[in-house]
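# Turn this into a model:
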Amino acid sequence: MMLEKEIERKLKEMVKGKGGIALKFTSPGFDGMPDRLLLFRGGKIAFAELKAPGKEPRALQLARHRMLRELGFKVFVIDSKEQIGGVIDEILAT
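This is a model prediction of the structure:
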């Protein structure tokens, strides 16, 4: 079974390959925020929640995702390496 950290490593590699950076995102005192902040040229930004295959975000995480989306940010839940290319394409297309 694929581990979450393997998916995270692949995400960092693919974002870097497209000229972006995938910063580890921590927010002390504000639990439930996504794992990574994805930054690309032209001010393109999104958040990524990384999960092991088949795992779902917790209720607090879903609430944070909803809050970020209401503020106008893209938030992606990624639980497989195969999703990464499509996520990056969607961010870059906006």
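
# Check which element follows the longest strand belonging to the chain along the chain.
As assigned by DSSP state E, the longest strand anywhere in the chain is strand 44-50. Sequence-wise, the next helix or strand downstream of strand 44-50 (DSSP states H and E) is helix 59-70.

# Next, the buried residues of that following helix.
61, 64, 65, 68 (16 or more other C-beta atoms under 10 Å). C-beta: built from backbone N, CA, C; applies to glycine.

# cool, stretch 47-55 as well?
Neighbour-count burial for stretch 47-55 [16+ other C-beta under 10 Å]: 47, 48, 49, 50, 51.

# Looking at those, which is nearest residue 7?
Checking the buried residues of stretch 47-55 against residue 7 by C-beta to C-beta gives residue 50 as the nearest, at 5.5 Å.

# Contacts only, for the closest one.
Neighbouring residues of residue 50 by C-beta atoms under 8 Å, 6 or more residues apart in numbering: 4, 7, 8, 11, 35, 36, 78, 79.

# ok, 7 Å please
By C-beta atoms under 7 Å, 6 or more residues apart in numbering, the contact list for residue 50 reads 4, 7, 8, 11, 35, 36, 78.

# That one and residue 6: what is the separation?
Between residue 50 and residue 6 the distance is 10 Å, computed by C-beta to C-beta, to the nearest Å.

# try residue 49
16 Å.

# what residue is smack in the middle of the protein?
With distances taken as C-alpha atoms, centre = their mean, residue 48 lies nearest the centre of the chain, 1.0 Å away.

# How many neighbouring residues does residue 34 have?
Residue 34 has 23 neighbours, counted by other C-beta atoms under 10 Å.

# just checking, it touches residue 48?
Yes: shown here, residue 34 and residue 48 form a contact pair, counting by C-beta atoms under 7 Å, at 5.8 Å.

# what touches both of those two?
Contacts common to residue 34 and residue 48, judged by C-beta under 7 Å, 6+ apart, are absent.

# which residues are in contact with the longest helix anywhere in the chain?
The longest helix of the chain (DSSP state H) is helix 4-17. Helix 4-17 has contacts (C-beta under 7 Å, 6+ apart) with 21-22, 35-36, 38, 48, 50-52, 78, 80-81, 84-85, 88.
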